[in-house]
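Asks: Predicted structure and sequence below. I'll ask about it afterward.
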Amino acid sequence: MFRGPQAKFHVLLITAESADSRHVRHRRLIRFPQLTMPLLAAYTPPTWRVSHVDEIVQTVDFDLNVDLVGITANTPAAPHAYYLASEFKKRGIAVVIGGPHATLMPDEAEQHADAIVVGEGELVWAKLLQDFEDRDLQKRYSNAELPDLKSMPPPRWDLIKGRAYGKGVTIATRGCPYACSYCTIPQMYQRQMRYRPIGEVVDEIRQMPGRALILWDDNIGVNRQYAKELFQAIAPLHRWWTSQATVDVAFDEEFLTLAHVSGCKALFLGLETISQASLHSSNKKHNQVSQYREAIARFHQHKIAVQAGTVFGFDHDDKSIFRTSVDFYREAGLDSATISVLVPFPNTPIFKELDRQGRILTYDWSKYNGKKDVVFQPALMSPNELLMGTEWAARQFYAIPAIAERMWRSKTGLWWNLVRNLGYHFSLRNFGSIGFNPEVGCG
């Protein structure tokens, strides 16, 4: 699509996904789109035509007539992104790589692209494109300062294709003040919280397609006063929305009430583990496992579903962690969970420590997927036991009896919550090993 009649150049933006990610996410019934490229497209000057390929739902056409290709990739998608770059470079097309992995590993990414973007791209994108027009493309672009998010343009929602649910993506805030040892957010955003003017957020939401709203905020509840004012402002828009927060917001009654009234249907919480020792060792002391059951119940009282990030493989995890976690979350009525193997992403504190100990098993980034591979030596089990235990736990959690029990305890948004759970159930049946409980052997 042309931005206007004066477009002279054509840039193809690619949201790259690894083969494993495409296989897993393509089979899910609800697939939220990523925000990075639709937002970057909004910063593209009118002299450029913009196309976008989201590899979860689209295929890259290497013969497309374009002047420049921009690729964003996380760590497991990095080798695939490098392959994409090599194919376009063979055809004489310049390639720019950015995103989480290029920010974590800029020297490596630089070897595969004509230019890289380190960190957030909004402030450097227009300059990069102008440099390309002037045939003066630099090797590396990075921000001298972080974008303050004021006057942020609406994302190019028209570039989001193949999504049956949720084209309405945006952010109200960016960043997270915490420094969990496994998380890439501190490296990406330097632990600095930024907030958009609430009036600008409201004006943008009014323009969004559809009723569903996804706020891709890293932590919507960090600044409670801001969050409460935002919820009050968007309530008249009658949107159904979801976002991410920390579990402690469950104990702010006003926050929960305003979130519910404004249309919040679900929140993603990084619960991570039911081992308090593991939370302490990963610098996530603000999570208190003793409060998890009550927190989930409080969300349910306000008709807000909880999707938990659940990770196995911390150094305090023994072979019982899979069974005890499944039992705990079933009894708590947890609505849904993303269940993963711990991934020590490059240049995070946990990666550096495991690497120092000689426990990193591979530097093949495609295996840093958290689903089908273990890339480090666990402390209290074998890599295969960790992987098979995670597979087993996922299938136990999403078994039909477990879904029925959790939905009965939750009683929250059953008409869509059940659909989401069944989507996970059927996607798990379509691929991979069934796993086993390491407590009782390989079965």
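Replies: Yep, that arrived. Keep in mind that this is a model prediction, so the values were computed, not measured.
Asks: Just give the closest residue to residue 282, not the sequence neighbours.
Replies: residue 181 (4.7 Å; C-beta to C-beta, 6 or more residues apart in numbering). The way it works is simple: take the backbone N, C-alpha and C, and place the C-beta from them, glycine included.
Asks: Which neighbouring residues are in contact with the one you found, exactly?
Replies: 281, 282, 283, 348, 349, 350, 353 (C-beta atoms under 8 Å, 6 or more residues apart in numbering).
Asks: On the three-state scheme, it is what?
Replies: Put simply, residue 181 is coil when judged by DSSP: H, G, I helix; E, B strand; the rest coil.
Asks: What of residue 234?
Replies: State at residue 234, reduced to three classes by three-state DSSP: helix.
Asks: measure it to residue 348 for me?
Replies: Distance of residue 234 to residue 348, given as C-beta to C-beta, to the nearest Å: 34 Å.
Asks: Which one's more surrounded, those two?
Replies: Between residue 234 and residue 348, residue 234 has the larger neighbour count (other C-beta atoms under 10 Å), namely 24 against 21.
Asks: Setting the sequence-adjacent residues aside, check what's closest to the more buried one.
Replies: Excluding its sequence neighbours, the residue lying closest to residue 234 (C-beta to C-beta, 6+ apart) is residue 262, at 5.2 Å.
Asks: Is that neighbour in contact with residue 240, as I believe?
Replies: No. Between residue 262 and residue 240 there is no contact under C-beta atoms under 8 Å: 9.9 Å.
Asks: neighbour-wise, which of those two wins?
Replies: residue 262 (22 against 18).
Asks: Would you mind giving me the confidence score for the more buried one?
Replies: Note on residue 262: pLDDT of 98.
Asks: how near is it to residue 232?
Replies: Distance of residue 262 to residue 232, given as C-beta to C-beta: 7 Å.
Asks: One more: residue 201?
Replies: Look at residue 201 and residue 232: by C-beta to C-beta, they are 12 Å apart.
Asks: Between those two, point out the one with more neighbours.
Replies: residue 201 (21 against 13).
Asks: list the contacts for residue 59?
Replies: Here residue 59 is in contact with residue 53 (criterion: C-beta under 8 Å, 6+ apart).
Asks: cool, residue 104 as well?
Replies: Residues in contact with residue 104, defined by C-beta under 8 Å, 6+ apart, are 75, 184, 187, 345, 346, 347, 348.
Asks: Could you identify the least confident member of the residues you listed?
Replies: Within the set of the contacts of residue 104, pLDDT is lowest for residue 187 (82).
Asks: residues contacting residue 94?
Replies: Taking C-beta under 8 Å, 6+ apart as the test, what residue 94 contacts is 67, 68, 69, 114, 115, 132, 137.
Asks: Would you mind listing the two of those that lie farthest apart?
Replies: Using C-beta to C-beta, the contacts of residue 94 span at most 13.4 Å, a distance reached by 67 and 115.
Asks: Comparing these two, which residue is more hemmed in?
Replies: Taking other C-beta under 10 Å, residue 67 and residue 115 do not tie; residue 115 has more neighbours (22 against 16).
Asks: May I have the beta-bridge partners of that one?
Replies: Beta-bridge partners recorded for residue 115 (DSSP bridges): residue 96.
Asks: thinking it is in contact with residue 96, fair?
Replies: Yes. Counting by C-beta under 8 Å, residue 115 does reach residue 96; the two are 4.7 Å apart.
Asks: ok, residue 210 - how many residues close by?
Replies: Using other C-beta under 10 Å, residue 210 is surrounded by 13 other residues.
Asks: Spell out the secondary structure type for it.
Replies: Following three-state DSSP, the label given to residue 210 is coil.
Asks: roughly how far apart are the closest residue to it other than its chain neighbours and residue 226?
Replies: In this structure, residue 210 finds its nearest non-sequential neighbour in residue 168, 5.3 Å apart by C-beta to C-beta, 6+ apart. Distance from residue 168 to residue 226, counting by C-beta to C-beta: 21 Å.
Asks: So between these two, which is more surrounded?
Replies: Just comparing residue 168 and residue 226: by other C-beta under 10 Å the higher neighbour count belongs to residue 168, 23 against 17.
Asks: Identify the residues contacting that one.
Replies: By C-beta under 8 Å, 6+ apart, the contact set of residue 168 is 157, 205, 208, 209, 210, 211, 212, 213, 214, 239.
Asks: try residue 267
Replies: Residue 267 neighbours (C-beta under 8 Å, 6+ apart): 220, 242, 243, 244, 245, 249, 259, 299, 304, 305, 306, 307.
Asks: For it, what is the enclosing helix or strand?
Replies: Using DSSP states H and E, residue 267 falls within strand 264-272.
Asks: from the middle of its chain, how far away would that strand be?
Replies: Averaging C-alpha positions (C-alpha atoms, centre = their mean, to the nearest Å) puts strand 264-272 12 Å from its chain's average.
Asks: Next secondary structure after that strand?
Replies: For strand 264-272, the following helix or strand on the C-terminal side (DSSP H and E) is helix 276-281.
Asks: quick one, strands of the stretch 301-443 of the chain?
Replies: For the stretch 301-443 of the chain, the strands defined by DSSP state E, counting those that start in this stretch occupy 305-312, 336-341.
Asks: Paired strands for the last one, with orientation please.
Replies: When sheet partners are counted by DSSP bridges, strand 336-341 sits next to strand 305-312 (parallel).
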